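Peer 1: structure for the following, please:
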Amino acid sequence: MIVLFAACGIAVAGVLLVTASPAGRRLRTLAQSGRAIGGTAGGDGGRGQQGTSAGGDGRGGRQGATADGELPATRGDSAEDPHRAIAVIDRAAALLRIGMPPSAVTMQLAEVSDADLAAVLTRVSRSMSMGDDPQTAIGRHVGELPVPLADVLIGMGSVWAVAESAGAPAADVLERYAHSRREIAEAERERAVALAGPQATVTVLTWLPAAGLGLALLIGADPRALLGSPVGLASIGSGIILLLCGRMWMKRMLEGAS
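Peer 2: Just a heads-up that it's a prediction; the model follows:
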């Protein structure tokens with residue numbers, strides 16, 4: 001009876017580790033993000049829709065808003081989703097296109113953004129109203145944001161500052177930058193989805209020996225006889241060595257692919 005309980009415990013632990021693995025959680029998160037993306041417009045078409053709604057609004061602060069005045073959900077609900085920052089760039093380009101000054105643009109963006117982005121954009125607007133260029137103002141205040149969002153916004157500030165210093169239309173430059181960041185984010189998402197399967201496979205293969213031991217106990221095998229023989233000890237030792245080598249090899253392959 002004790003052997004039966006031990007085998008069942010090993011089997012349950014293996015199932016829990018497989019289903020609760022980081023790869024499985026990542027795959028489920030990406031699947032939910034993909035469903036959220038399905039209803040939104042991407043690429044140039046999304047930018048065109050935002051620009052039209054900004055012009056028709058007259059205020060420019062609620063482009064892309066729904067009938068009740070709230071902005072539609074961005075791609076996914078994750079706090080580190082870079083599409084949240086990319087949406088800010090799209091809205092900034094639309095507001096600049098209708099002639100709003102930079103400090104007013106960032107303040108309007110703060111009013112229609114999530115709480116964490118709104119706090120940062122409000123401080124950025126104050127810095128820009130005091131004379132800071134976009135690159136300096138954004139780089140000074142994005143430190144508290146997650147790294148994916150901060151990187152996108154820092155790039156936005158750099159592109160914006162270069163466009164103003166060169167006399168180029170900032171709206172056009174920001175639109176191109178948003179498009180490139182969106183392509184990068186989509187490529188990273190597709191790569192994560194592609195790697196989720198191999199990572200889950202590694203977890204399953206790692207726990208197969210334990211599951212095999214549990215099945216052996218269920219059918220009445222005596223593990224003491226295996227551990228007490230030189231052949232059994234050699235088999236277990238070589239199996240552990242090969243398992244560790246396989247995990248190290250797969251880890252290097254996954255790191256190289258990512």
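
Peer 1: phi, psi for Glu183 please.
Peer 2: Its backbone dihedrals place Glu183 at phi -60, psi -40, with angles given as degrees, to the nearest 10.

Peer 1: look up how far Pro82 lies from it.
Peer 2: As judged by C-beta to C-beta, to the nearest Å, Glu183 and Pro82 stand 11 Å apart. C-beta: built from backbone N, CA, C; applies to glycine.

Peer 1: and Ile154, by the same measure?
Peer 2: In this structure, Ile154 and Pro82 are separated by 12 Å, where distance is defined by C-beta to C-beta.

Peer 1: any idea how many residues pack against Met156?
Peer 2: When neighbours are counted by other C-beta atoms under 10 Å, Met156 registers 25.

Peer 1: could you do the one 4 residues further on as well?
Peer 2: Here the neighbour count serves as a burial measure; for Trp160 (other C-beta under 10 Å) it reads 27.

Peer 1: wouldn't it be in contact with Asp172 here?
Peer 2: No - taking contact to mean C-beta atoms under 8 Å, the distance of 11.6 Å between Trp160 and Asp172 leaves them out of contact.

Peer 1: ok, back up a step: so between Glu183 and Pro82, which is more surrounded?
Peer 2: Regarding Glu183 and Pro82, a neighbour count based on other C-beta under 10 Å identifies Pro82 as having more, with 25 against 12.

Peer 1: ok, Leu217 touching Pro223?
Peer 2: Yes - Leu217 is in contact with Pro223 according to C-beta under 8 Å; the separation is 7.0 Å.

Peer 1: neighbour count: these two, which is higher?
Peer 2: Taking Leu217 and Pro223 together and counting by other C-beta under 10 Å, Leu217 has the greater number of neighbours (19 against 13).

Peer 1: gap between the more buried one and Leu205?
Peer 2: Between Leu217 and Leu205 the distance is 20 Å, computed by C-beta to C-beta.

Peer 1: Pro198 now?
Peer 2: Distance check for Pro198 against Leu205: by C-beta to C-beta, it reads 10 Å.
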